[in-house]
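Trainee: The sequence and its predicted three-dimensional model are supplied below.
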Amino acid sequence: MNQRTPQDEARTVRVPVNISIDERYRDAFATVVQRCKRAGLQVTHELRGIGILTGLIESARIERLERVEGVTHVEREQSIQIAPPESDIQ
């Protein structure tokens with residue numbers, strides 16, 4: 001019986017990422033997008049004008065995405081929560 005561990009589950013969770021595309025590859029943006037998809041990225045937004053791609057990827061595949069030709073940086077998207085104005089100060 002093949003049981004999945006919590007570590008296995010964490011590696012298969014899709015995480016939101018922002019990807020910076022090298023300026024030298026701006027004319028080949030669509031090609032870089034295809035390479036990112038082959039690396040496992042589910043694209044959510046293509047911001048060609050500023051060389052940014054956003055999407056979801058399994059955390060275990062981030063290193064593969066970082067090695068894609070034309071990608072300069074992969075950053076996990078951060079979320080910030082602010083308490084409502086009427087809440088007590090912590």
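Mentor: Alright, I've got the coordinates.
Trainee: How about residue 14, nearest residue that isn't a chain neighbour?
Mentor: Once flanking residues are discounted, residue 14 sits nearest to residue 56: 4.1 Å by CB to CB, 6 or more residues apart in numbering. Where you see a C-beta, it was placed from the backbone N, CA and C, and this is true even at glycine.
Trainee: Can you verify that neighbour is assigned to a helix?
Mentor: No. With DSSP: H, G, I helix; E, B strand; the rest coil as the criterion, residue 56 is located in strand rather than a helix.
Trainee: what's near enough to touch it?
Mentor: 14, 15, 16, 17, 41, 42, 44 (CB atoms under 8 Å, 6 or more residues apart in numbering).
Trainee: How about the secondary structure of the residue positioned nearest the centre of the chain?
Mentor: Against the mean C-alpha coordinate of the chain, by CA atoms, centre = their mean, the closest residue is residue 17 at 2.1 Å. At residue 17 the chain is in strand, as set by three-state DSSP.
Trainee: Check the gap between it and residue 55 for me.
Mentor: 6 Å (CB to CB, to the nearest Å).
Trainee: which residues do these two both contact?
Mentor: residue 41.
Trainee: Which residues outside stretch 26-43 are in contact with it?
Mentor: For stretch 26-43, contacts defined as CB under 8 Å, 6+ apart pick out 14, 17, 19, 21, 25, 46, 48, 51, 53-58, 61, 64-65, 67-71.
Trainee: do that again at 10 Å, thanks
Mentor: 14, 16-17, 19, 21-22, 25, 46-51, 53-58, 60-71, 74 (CB atoms under 10 Å, 6 or more residues apart in numbering).
Trainee: Make a ChimeraX selection of the buried ones in those.
Mentor: Only the buried members of these end up in this ChimeraX selection, burial being decided by 16 or more other CB atoms under 10 Å:
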select :17,19,21,25,51,53,54,55,57,58,61,62,64,65,68,70,71,74
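Trainee: Return the subset of the contacts of stretch 26-43 lying in strands.
Mentor: For those, the ones inside strands are 14, 16-17, 19, 21, 46-47, 53-58, 71, 74, with DSSP state E as the criterion.
Trainee: Widest-spaced pair of these?
Mentor: 47 and 58 (22.3 Å; CB to CB).
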